[in-house]
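Engineer: what shape does this take:
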Amino acid sequence: MPRIPSPAAAHVGARIQALRKERGLSQDQLAAATGINSANIRSYESGRALAALPSLVRLGEALDVGPEQLIEGLTTEMLAPRAKSSSP
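Structural biologist: Next up, the predicted model:
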């Protein structure tokens with residue numbers, strides 16, 4: 001079953017992608033600069049996965065920002081688990 005992007009992961013992923021593009025980096029270049037697998041970079045940017053704190057720190061360092069800038073605008077509502085819909 002494919003992962004459903006969470007609002008938090010989508011928000012952080014969009015910030016990572018925007019900063020990466022502003023810096024003129026490819027996903028592979030960002031992966032090399034951080035030591036994070038490029039498949040994980042793609043998962044973060046697409047919102048399929050939310051980067052853990054150590055990864056956020058490494059991403060921030062590679063993008064020349066603090067990790068707080070990667071989560072700026074994140075709200076507790078975005079972090080709340082989604083209710084599973086029941087099938088009729």
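Engineer: for S6, what are its contacts?
Structural biologist: G47, L50, M78, L79, R82 (C-beta atoms under 8 Å, 6 or more residues apart in numbering). Backbone N, C-alpha and C define where each C-beta goes, glycine included.
Engineer: again with Q27
Structural biologist: Contacts of Q27 by C-beta under 8 Å, 6+ apart are R20, S38, I41, R42, E45.
Engineer: how many residues are close by the closest residue to the first one other than its chain neighbours?
Structural biologist: Here the nearest residue to R20 in space, its sequence neighbours aside, is L30; by C-beta to C-beta, 6 or more residues apart in numbering that works out to 5.2 Å. When neighbours are defined as other C-beta atoms under 10 Å, L30 has 23 of them.
Engineer: which element is L30 on?
Structural biologist: helix 27-34 (DSSP states H and E).
Engineer: skipping adjacent residues, who's closest to P7 in space?
Structural biologist: Per C-beta to C-beta, 6+ apart, closest to P7 is M78, 4.1 Å.
Engineer: how far away is the one you found from E61?
Structural biologist: 24 Å (C-beta to C-beta, to the nearest Å).
Engineer: mind listing what the residue nearest to A10 when sequence neighbours are not counted touches?
Structural biologist: Nearest non-adjacent residue to A10, counting by C-beta to C-beta, 6+ apart: G47, 3.3 Å away. For G47, the contact set (C-beta under 8 Å, 6+ apart) comprises P5, S6, A9, A10, H11, G13, A14.
Engineer: distance of the third one relative to A32?
Structural biologist: It stands for A9. From A9 to A32 the distance is 23 Å (C-beta to C-beta).
Engineer: more neighbours: the two, which one.
Structural biologist: A9 (22 against 14).
Engineer: pretty sure that one sits against Y44.
Structural biologist: Yes - counting by C-beta atoms under 8 Å, A9 does reach Y44; the two are 7.4 Å apart.
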